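# Need a 3D model of the sequence below.
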Amino acid sequence: MKAHGPNTKVYVDILASIEGRKYAIELKYKTRPIECVIDGEEFSLNNHGAQDLGRYDVLKDLQRLEQMVADGVVVEGILVFLTNDASYNSDPGQDKQTADRNFRLHEGKGVSGKLTWGEQTGQGTMKGREEPLSIRGRYDLHWANYSRVSSKSGGEFQCLMLSTSGVQTESTEKAWSPPSVITATEIVTGFTNTTEIAVKDDGATPWFDSFAKQGEIPLSQIDLRDKLANHLREVGYLVSVNRDLGNEKIDIWAERDNETIAIEVRNKTALIQAVYQGQSISLKNQAAQDVSRYDYISDIGKLESVVRNRPDVTGYALLLSNDSGYWNPPKKLNAVDGKFRIHDGRLLSGVCSWADEAASGTTSGREVPIHLTGTYPLEWRPYLRLDNAKNHEFQALLVKATNLPKPSAH
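Modelled structure (predicted):
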């Protein structure tokens, strides 16, 4: 899965989103040769060997996970290393000056700081892995029994699992010790239960995070645009609204130092009558969610076009709403606007078009399918909650488009 950092994109084996928070999981699997039959199924595992390179790669994954947490891409990184090769988890006993001495992963080893190859390491050994690794936290390595499939050599599998929910330099950073027998359910419940439930800045959109902390309730779409534009000015951006860009208009165009952002805003409301911060708040029921979803995805398509022609620009499509019908998964399957659904957890990509049975009144002015070049995991984030009354919870959907490839001629 491709995850977006402040200035880069990184690939992670598994990217999980739970209650609006992202978790990155990196997997490593190294085997010794073994052949066995389990429940009538034959298994034949290869000999991966090259344990020195395997150790380096495991710790490089840990370094990447720490960086993802530090950059705000995820709130927690989890490294899972499964192996039936005892040379990884067994203590060598003697402190030999081997080439990969600093990358050892045996039981009880402490890992932290700058890790380098031994001085006598050959260029062929470390080819493609020459760079030293820097581990910010302190990890005491503890292996857990995973399974035993045979009494033969290589028949015992052990697992090393490390978790980082925040980059620390104190020696109190601890590795997460998994239970003695690990199941898929325990992996999930284990790491979610060890994470403090809190909304953290994702690092990529500090301008929006600081805006959200102000707790503004826009009364209209124009009001949202103007409030956000004013906030961007307050934090140092040079801002213009309704910026002409060819045949398009961009709601907010903001520049600061070497950063340029283009923002399209949508504000969709459900009925609410409340008093907030001493002021009477009255929001209408705008309904027409199907049309609004189309318009929001159209904003993403517009921003793709902008950043494709101007790769120095980062585009953001923002939707703010107190209508849970936008972020909750649909109860009705195969709806006429199914391709335009933007509920939490959906992966948005490709061609978005109305179903054949969509009424002309619904699609009027919006008949053209929307072709998206990028792929967008949709993750709604909490914005504001007045109380537990209906429609008193506001959430925001913020999609980022940047440096997308041009669509093929097909």
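# Who does residue 28 form a beta bridge with?
When assigned by DSSP bridges, residue 28 has beta-bridge partners residue 81.
# Use 674 as the first number for this chain going forward.
In the new numbering, first residue 674, that becomes residue 701.
# if I look at it, how far off is residue 929?
For residue 701, the distance to residue 929 (Cβ to Cβ, to the nearest Å) stands at 40 Å. Glycine gets a C-beta too; all of them are placed from N, C-alpha and C.
# So for those two, which sits in the more crowded spot?
In this view residue 701 and residue 929 are compared by other Cβ atoms under 10 Å, and residue 701 has more residues nearby, 17 against 14.
# how close does the more buried one sit to residue 742?
Distance, residue 701 to residue 742, using Cβ to Cβ: 18 Å.
# go on, residue 736?
As judged by Cβ to Cβ, residue 736 and residue 742 stand 11 Å apart.
# Compare neighbour counts for the two and give me the winner.
Regarding residue 736 and residue 742, a neighbour count based on other Cβ under 10 Å identifies residue 742 as having more, with 23 against 17.
# Quick check, the more buried one in contact with residue 748.
Yes. Counting by Cβ atoms under 8 Å, residue 742 sits close enough to residue 748 to count as a contact (7.0 Å).
# For stretch 712-732, could you pull out the residues that count as buried?
Buried positions in stretch 712-732, judged by neighbour count with 16 or more other Cβ atoms under 10 Å: 718, 724-732.
# Flag the least confident of those.
When the buried residues of stretch 712-732 are compared by pLDDT, residue 724 scores lowest at 82.
# ok, and the closest non-adjacent residue to it?
Setting aside the residues directly before and after it, residue 724 is nearest to residue 760 in space (Cβ to Cβ, 6 or more residues apart in numbering), at 5.3 Å.
# what's the helix or strand that neighbour falls within packed up against?
Secondary structure from DSSP states H and E places residue 760 in helix 759-762. Of the remaining helices and strands, those touching helix 759-762 by 3 or more Cβ pairs under 8 Å, 6 or more residues apart in numbering; DSSP states H and E are helix 724-743, strand 829-837.
# the inter-axis angle of the last one versus helix 724-743?
Interaxial angle of strand 829-837 relative to helix 724-743 (axes from the mean of the first three to the mean of the last three Cα atoms, to 10 degrees): 30 degrees.
# Parallel or antiparallel, which strands does strand 829-837 pair with?
Listed by DSSP bridges, the sheet partners of strand 829-837 and their directions read strand 749-756 (antiparallel), strand 816-821 (antiparallel).
# now could you export just the CA positions of the first one as PDB?
C-alpha atoms of strand 749-756 as PDB (Å, rounded to 0.1, in the frame of the first residue of the first chain):
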ATOM      1  CA  GLU A 749       1.700   3.400  15.200                       C
ATOM      2  CA  GLY A 750       4.100   1.100  13.300                       C
ATOM      3  CA  ILE A 751       4.200  -2.600  13.900                       C
ATOM      4  CA  LEU A 752       6.900  -5.000  12.700                       C
ATOM      5  CA  VAL A 753       6.200  -8.700  12.500                       C
ATOM      6  CA  PHE A 754       9.100 -11.100  11.800                       C
ATOM      7  CA  LEU A 755       8.200 -14.800  11.500                       C
ATOM      8  CA  THR A 756      10.900 -17.500  11.000                       C
END
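# can I get the helices and strands packed on helix 759-762 in CSV with distance to residue 983?
Written out in CSV, the entries for the helices and strands packed on helix 759-762 read as follows (distance: least, Cβ to Cβ, whole Å):
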stretch, distance to residue 983
helix 724-743, 27
strand 829-837, 36
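# Tell me which of the ones you listed lies nearest to residue 1049.
When the helices and strands packed on helix 759-762 are compared by Cβ to Cβ, helix 724-743 sits nearest residue 1049, at 18.5 Å.
# If you count contacts, what does the closest one end up packed against?
Using 3+ Cβ pairs under 8 Å, 6+ apart as the contact test, the elements touching helix 724-743 are strand 694-703, strand 749-756, helix 759-762, strand 783-788, strand 806-813, strand 829-837.
# Just name the most buried of these.
Per residue and on average, the most neighbours among the helices and strands packed on helix 724-743 fall to strand 749-756, with a mean of 24 (mean count of other Cβ atoms under 10 Å).
# Please enumerate residues in contact with that one?
Strand 749-756 is contacted from outside by 694, 696-704, 731, 734-735, 737-739, 741-742, 761-762, 778, 819, 830-838, 849, 860, 864, 868, using Cβ atoms under 8 Å, 6 or more residues apart in numbering.
# and what of stretch 886-902?
Outside stretch 886-902, the residues that touch it by Cβ under 8 Å, 6+ apart are 884, 904, 912, 914, 924-925, 927, 936, 938-940, 949-950, 954, 956, 991, 993, 1057, 1067.
# list the buried ones in that stretch?
Of the residues in stretch 886-902, those scored as buried under the neighbour-count criterion (16+ other Cβ under 10 Å) are 889-891, 894, 897-902.
# Pull out the buried residues from whichever strand or helix holds residue 939.
Secondary-structure assignment from DSSP H and E places residue 939 in strand 932-941. The neighbour-count criterion (16+ other Cβ under 10 Å) identifies 933-941 as the buried residues of strand 932-941.
# Kindly report the same for stretch 702-710.
703-705, 707.
# Relative to the helix or strand containing residue 715, what are the paired strands and their orientations?
In this structure, residue 715 sits in strand 714-718 according to DSSP H and E. When pairs are called by DSSP bridges, strand 714-718 turns out to pair with strand 707-711 (antiparallel).
# Would you map the strands across the stretch 824-973 of the chain?
Ranges of strands within the stretch 824-973 of the chain are 829-837, 911-918, 921-929, 932-941, 945-949, 952-956, based on DSSP state E, counting those that start in this stretch.
# got these as a markdown table, with mean pLDDT columns?
Listed next are these as a markdown table, based on pLDDT from 0 to 100:
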| stretch | mean pLDDT |
| --- | --- |
| strand 829-837 | 89 |
| strand 911-918 | 91 |
| strand 921-929 | 92 |
| strand 932-941 | 94 |
| strand 945-949 | 84 |
| strand 952-956 | 85 |
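# Having no further points to raise, I will conclude here.
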